[in-house]
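**Q** Here is my input, please return the structure:
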Amino acid sequence: MTRRKSLFLVLEGPDKSGKSTQARLLADTLKGRGREVLHTREPGGTAVAEGVRRVLLDPALRVDPLAELFLYEAARAQHVNEKILPALQRGAVVLCERFTMSTDAYQGFARGLGLKATAALNRIATHGLQPDLTILLDIPEDEFDARDASRDLDRLEKEPVDFRRKIRKAYLSLAKADPKAVVLDGRAPAAEIQARILSLVEKTLR
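**A** Numbering: from 1, shown residues only. Model prediction:
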């Protein structure tokens, strides 16, 4: 039997841009077609990384930007080694909500630590692993307050609008420089976005 081609797909975007919704829809579709799918997230995906996630997103904590960067990379190293690489080696489709582009945008650009630092640590934590396809769901920063306004905000979601503005600018710049990244309008109907994502995934698998 021919081994199926693996796929590493990353969904990126600002908070509340619809990453989780689109990842769930795509995972269900691909599983229905008989594919093995690992739907995961960053920070998280393993017991260790989920523990780090709780620290990183706790609104009661103040985390130094450099400490924040190292915590993200520690969680990523565990995630890649324990879950992502084994799944790809089996020929699975890995759908990950956030990956290294998030670190470049949030810590490298918005926190001011620099892309040189984040790129170096990203390479170490991932063993050089890069997505086959990155889909950036773009929404204006003022869209944040209009979405799911009743939920409690985590530490990063509590950042001011200027921080969100920097994040969006960074994401668009990073996606423009990445030949394997596609920007989609996160304000479009969910079904329309999903159809576009599925088309991109099918093209990449071919």
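
**Q** isn't there a strand covering residue 122?
**A** No - applying DSSP: H, G, I helix; E, B strand; the rest coil, one finds residue 122 to be helix, outside a strand.

**Q** Under the pLDDT cut-off, which ranges of this structure? List them.
**A** 1-3, 148-149 (pLDDT under 70).

**Q** And the strands in it, which stretches?
**A** 7-12, 37-41, 93-97, 133-138, 181-185 (DSSP state E).

**Q** now what about the second one, what contacts it?
**A** With contact meaning C-beta atoms under 8 Å, 6 or more residues apart in numbering, strand 37-41 is reached by 20, 23-24, 27, 30-31, 79, 83-84, 87, 92-98. For every residue, glycine as well, the C-beta is placed using N, CA and C.

**Q** And the buried ones among these, selectable in PyMOL?
**A** To isolate the buried ones among these in PyMOL, judged by 16 or more other C-beta atoms under 10 Å, type:
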select buried, resi 23+27+30+79+83+84+87+92+93+94+95+96+97+98
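
**Q** Spatially nearest residue to residue 157 (excluding sequence neighbours)?
**A** residue 15 (5.1 Å; C-beta to C-beta, 6 or more residues apart in numbering).

**Q** Compute the distance between that neighbour and residue 202, please.
**A** Between residue 15 and residue 202 the computed distance is 28 Å (C-beta to C-beta, to the nearest Å).
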